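Asks: Mind looking at a prediction? Sequence and model below.
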Amino acid sequence: MRKSAVVVVAAGLALSACGSVICRREAIRAVLRAPLLTGEDALSDEMAGNFESDRDENPELEAIESAIEGQAIDGRGVSMWLQRGLNHTLNLTLRFPTPLRAGDVLPVVGVHSADRASWGTFPNPPAGLTVGLRLDDFVATSAGGTARVVGVNPLRVDLDVVAAGSGRQHAIKGVLTVRHESSTDSCFQ
């Protein structure tokens, strides 16, 4: 009898620590298929980035979700960080103004560092897209081109960008897809 009481108490403590047996996980997922490398790697180049939360309320995740649904987020822009790190260091950050609407064509208006994971929002966005690109020893010091918003929820942006630096250029041409995902899992995983 005593042993079963201990098991019941332990189970109760485990459940109270979790809050419930089901936990909700929220994420923003971004994927870009854009060949940035030469040779055989160029055919299968896919970059991805995630912003995840396992809390029920995360103001930053909610703001990013609002932005990819085409809503303005109070004078703030939205930043996304994607990477591919197989045989090459490849980091790409994209910073957009909000709201983003289907049909918008945003000019590339500047560059920024790609070396820091920068998912989230930022104040005082410029009137266009800024780009950060690092590919091995290449770092973009200038960029030009456009980003055409194809749709929202999920956000789809057709990128036609050329980043330059160190006497080299890299084209970023492809469709960026950004979506909100939600799942429920056991808290005991």
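Replies: Good, I have the coordinates. Numbers count the residues shown, from 1 in each chain.

Asks: Who are the contact partners of the residue most central in space within the chain?
Replies: What sits nearest the mean C-alpha location of the chain, by CA atoms, centre = their mean, is residue 80, with 3.9 Å. Counting by CB atoms under 8 Å, 6 or more residues apart in numbering, residue 80 touches 30, 49, 93, 94, 95, 96, 118, 119, 176, 178. (Glycine included, C-beta is placed from N, CA and C.)

Asks: Residue 143 too?
Replies: 108, 110, 111, 130, 131, 133, 161, 162, 163, 164.

Asks: So which bits of the host helix or strand of the last one are buried?
Replies: Think residue 164. Using DSSP states H and E, residue 164 sits in strand 155-165. Neighbour-count burial for strand 155-165 flags 155, 156, 157, 159, 161, 162, 163, 164, 165 (criterion: 16 or more other CB atoms under 10 Å).

Asks: Can you tell me what sits against it?
Replies: Residues contacting strand 155-165 (CB under 8 Å, 6+ apart): 32, 34, 67-70, 94, 96, 100, 108, 111, 129, 131, 133, 138-150, 169-179.

Asks: With stretch 95-107 instead?
Replies: 66-68, 70-73, 76-80, 112, 118, 122, 125-131, 145-152, 155, 157.

Asks: any idea which element the residue nearest to the centre of the chain lies in?
Replies: Here residue 80 is assigned to strand 76-84, by DSSP H and E.

Asks: what's the angle from that strand to strand 155-165?
Replies: 70 degrees (axes from the mean of the first three to the mean of the last three CA atoms, to 10 degrees).

Asks: how about the CA coordinates for strand 76-84, as PDB?
Replies: C-alpha atoms of strand 76-84 as PDB (Å, rounded to 0.1, in the frame of the first residue of the first chain):
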ATOM      1  CA  ARG A  76       9.100  47.400 -36.400                       C
ATOM      2  CA  GLY A  77      10.600  45.300 -39.100                       C
ATOM      3  CA  VAL A  78      11.100  41.500 -39.100                       C
ATOM      4  CA  SER A  79      14.400  39.700 -39.300                       C
ATOM      5  CA  MET A  80      15.100  36.100 -40.400                       C
ATOM      6  CA  TRP A  81      18.300  34.100 -40.300                       C
ATOM      7  CA  LEU A  82      18.900  31.100 -42.500                       C
ATOM      8  CA  GLN A  83      22.000  28.900 -42.800                       C
ATOM      9  CA  ARG A  84      23.500  25.900 -44.400                       C
END
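
Asks: Pull the distance from the helix or strand following it to the chain's centre.
Replies: Where DSSP H and E defines the elements, the next helix or strand beyond strand 76-84 is strand 90-96. Distance of strand 90-96 from the chain centroid (CA atoms, centre = their mean, to the nearest Å) equals 9 Å.
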